[in-house]
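Trainee: pasting the sequence and the predicted coordinates here, then a few questions.
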Amino acid sequence: MDVSILITIGIILLVVGLVSCVLPPLPGPPIAFAALLIAYYGLDKIQDLPAWILIIYAVLTIIILIVDNFIPVWSTQKFGGTKAGIRGCFIGILVGILFAPFGGISIIICPFLGAMIGELIDGQSFTIAIKSGIGSFVGFLLTSGLKIILVLMMSYHFFKAVF
């Protein structure tokens, strides 16, 4: 395949990966990682992009995909959410993932609403419910920030290797 086509595909994957860090349902880091694989295998940039860098990025991508679902739950708890709010946030994450293909905003709103609804059903005050919901939103911001940093680091190595 032509080198310019592979570079273009790699750049498109990086852009889609970066946008997907904040607008689900696509997982941003694995998409960006695919660009590194194109550079390594398709463009034969083995000297410019050592295998150990790919291994580190693969491990970081897997870790971020795992913690992406737990940090909102953890931050809900840190903001004063009870077990009901944490369960609601977790259920909200699952609902948000299910509805993400129909509107990416659901992955932000559903954990927030889930935490609030869980608290309210448990008999907590509206103030505690709001704090719990804000905790889930802070968790979303934290995981989005981590994913953005990872994708930007991958982008740096892609461009360094290719150009």
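Mentor: That came through, no problem.
Trainee: so how far is residue 73 from residue 89?
Mentor: Distance, residue 89 to residue 73, using Cβ to Cβ, to the nearest Å: 5 Å. Just so you know, the C-beta spots here come from the backbone N, C-alpha and C atoms, and that holds for glycine as well.
Trainee: show the contacting residues for residue 161.
Mentor: Listed by Cβ atoms under 8 Å, 6 or more residues apart in numbering, the contact partners of residue 161 are 39-40, 43, 45, 48-49.
Trainee: if we go to 6 Å?
Mentor: By Cβ atoms under 6 Å, 6 or more residues apart in numbering, the contact set of residue 161 is 39, 45, 48-49.
Trainee: now do the SS call for residue 77.
Mentor: Three-state assignment for residue 77 (DSSP: H, G, I helix; E, B strand; the rest coil): helix.
Trainee: going forward, the N-terminal residue is numbered 321.
Mentor: In the new numbering, first residue 321, that becomes residue 397.
Trainee: quick one: it from residue 404, how far?
Mentor: Residue 397 sits 11 Å away from residue 404, going by Cβ to Cβ.
Trainee: among the contacts of residue 481, name the buried ones.
Mentor: 359, 365, 368-369 (16 or more other Cβ atoms under 10 Å).
Trainee: now, which of the residues you listed sits nearest residue 331?
Mentor: Closest approach to residue 331 among these (Cβ to Cβ): residue 359, at 10.5 Å.
Trainee: would you confirm that that closest one contacts residue 367?
Mentor: No: assessed by Cβ atoms under 6 Å, residue 359 is found out of contact with residue 367, at 11.5 Å.
Trainee: pull out the buried residues from stretch 392-403.
Mentor: 392-397, 399-402.
Trainee: let's have these in CSV, adding distance to residue 386 and pLDDT.
Mentor: Formatted as CSV, those follow (distance: Cβ to Cβ, whole Å; pLDDT from 0 to 100):
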residue, distance to residue 386, pLDDT
392, 13, 81
393, 12, 81
394, 12, 87
395, 16, 89
396, 17, 83
397, 18, 85
399, 22, 90
400, 25, 86
401, 21, 88
402, 24, 88
